[in-house]
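Asker: 3D model of this:
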Amino acid sequence: MIVQCFARILIIGAFAASMAPLSIVALAASPPAAHDDEAGEAVAASVQTDQELAASVPAAIRNRGTLIVGALMQQQPEDFYAEDGRTPIGFEVDLASALARALGLKVEYQTMAFDALIPALRSGRVDMTMSAMNDTKPREKTISFVDYFNAGITMLARKGNPDHITGPESLCGQAVSVQAGTTQQAFAESQSAACKATGKEPVAIVISSSTEQQEESLRTGRFAVILDDTPTAIYTAQVAGNGRLFQAIDYPPINGGPYGIGVAKENSALLSVIQKAMQKLMETGVYGKILAAWGMTAGAIPKATVNAG
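Answerer: Residues are numbered from 1 along each chain as shown. The predicted structure follows:
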């Protein structure tokens, strides 16, 4: 299935470890393009098992034959369900599939709220998380990361921007939606403190439980903006209501940094083999082809780093 969008995301981070201060206009200014999930899936399906890497997979996972991945599954174009409501798709889904195939495994998804991902990982419910989670120093205190993509925070407003949002400073006194446990929540809290420090009204932070809830509440004016990852915000602006409902605010991506595959700290063997497998996908071109299928090559990084957030 080809998911149509109106513009390709061109500038998210290039081949670098941090985000460049580029405008949202630059992100969405290219000609119309198609996101082809079938192409990404086909690339992932072409990956053959690397016997040396497969032998390094922890025995419990190797014997089970599946890699259990925790994800929100509501983030387009990273990880979400196809129109049938059952089939996982997205560029992260294709990368996870390719990674698992390199290790001689299949993927099993456990869907959960974003703020449940790290607890699920630490409790052993899932083997890894891969759900547009930024690798940050606070998170590195509890879990480890294999980094695979660069992104930042973008403000998504109603079409026409009726609340006149121009940047973080204009969020003072406004209602802003975030999901619990995200870097967006942390940024909203820090911006609210900055507002109060300058004598302005604080940000009214609304914790939303799902992407669908956020978008419906934004559409009806319950809050001024959604704070979301740059790829998701731009994608939503392009496709929701055929591009008629929302717009990404023209402001440089905020607090740019890498997405990371989360692994429990005590599972160093799994962390090591995931890093090696992801690096092989990068070196063999599989990684780049999957990102290209989703119009995400500008967020690519050249090396699968560990805890580089």
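Asker: Kindly provide the distance from Leu53 to Pro119.
Answerer: Distance, Leu53 to Pro119, using C-beta to C-beta, to the nearest Å: 28 Å. All C-beta atoms are positioned from the backbone trio N, CA, C, and that covers glycine.
Asker: what about the two, which has more around it?
Answerer: Leu53 (18 against 13; other C-beta atoms under 10 Å).
Asker: can you confirm the more buried one is in a helix?
Answerer: Yes - Leu53: assigned to a helix according to DSSP: H, G, I helix; E, B strand; the rest coil.
Asker: That one touches Ile274, doesn't it?
Answerer: No - in this structure, Leu53 is not within contact of Ile274 by C-beta atoms under 8 Å, at 9.4 Å.
Asker: hang on, Ala100 packs against Asp94?
Answerer: No - Ala100 sits out of contact with Asp94 when judged by C-beta under 8 Å, with a separation of 10.8 Å.
Asker: quick one: which helix or strand includes Phe236?
Answerer: Residue 236: Thr, not Phe. Taking DSSP states H and E as the criterion, Thr236 maps to helix 230-239.
Asker: Now do that helix: which elements does it pack against?
Answerer: Counting contacts by 3 or more C-beta pairs under 8 Å, 6 or more residues apart in numbering; DSSP states H and E, helix 230-239 packs against strand 2-5, helix 24-27, strand 143-158, strand 246-248.
Asker: what angle do it and strand 143-158 make?
Answerer: Angle, helix 230-239 to strand 143-158, by axes from the mean of the first three to the mean of the last three C-alpha atoms, to 10 degrees: 30 degrees.
Asker: Name the residues of helix 230-239 that come out as buried.
Answerer: Of all the residues in helix 230-239, those buried under the rule 16 or more other C-beta atoms under 10 Å are 230-239.
Asker: ok, of the residues you listed, which one's closest to Gly256?
Answerer: Distance to Gly256, by C-beta to C-beta, is smallest for Thr230 among those, at 8.0 Å.
Asker: Which residue ranges of this structure form helices?
Answerer: 24-27, 37-45, 51-55, 59-64, 91-102, 117-123, 137-140, 183-197, 211-219, 230-239, 268-284, 286-293 (DSSP state H).
Asker: Rounded mean pLDDT for the longest one, please.
Answerer: Same thing as helix 268-284. Averaged across helix 268-284, the pLDDT comes to 98.
Asker: tell me what it is packed against?
Answerer: Against helix 268-284 (3+ C-beta pairs under 8 Å, 6+ apart) you get helix 51-55, helix 91-102, strand 143-158, strand 254-264, helix 286-293.
Asker: want to throw those into TSV with distance to Lys196?
Answerer: Putting the helices and strands packed on helix 268-284 into TSV (distance: least, C-beta to C-beta, whole Å) gives the following:
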stretch	distance to Lys196
helix 51-55	51
helix 91-102	36
strand 143-158	20
strand 254-264	19
helix 286-293	40
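Asker: Can you tell me which of these is nearest to Ser190?
Answerer: Ranking the helices and strands packed on helix 268-284 by proximity to Ser190 (C-beta to C-beta) places strand 254-264 first, at 9.3 Å.
Asker: Would you mind measuring from the one residue sitting closest to the centre of the chain to Phe149?
Answerer: Closest residue to the average C-alpha location of the chain: Ala132 at 2.3 Å, with C-alpha atoms, centre = their mean. Distance from Ala132 to Phe149, counting by C-beta to C-beta: 8 Å.
Asker: ok, back up a step: could you dump the helices of the chain to a markdown table with distance to Pro302?
Answerer: Shown next, in a markdown table, are the helices of the chain (distance: least, C-beta to C-beta, whole Å):
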| stretch | distance to Pro302 |
| --- | --- |
| helix 24-27 | 21 |
| helix 37-45 | 18 |
| helix 51-55 | 20 |
| helix 59-64 | 28 |
| helix 91-102 | 15 |
| helix 117-123 | 26 |
| helix 137-140 | 21 |
| helix 183-197 | 23 |
| helix 211-219 | 30 |
| helix 230-239 | 19 |
| helix 268-284 | 7 |
| helix 286-293 | 10 |
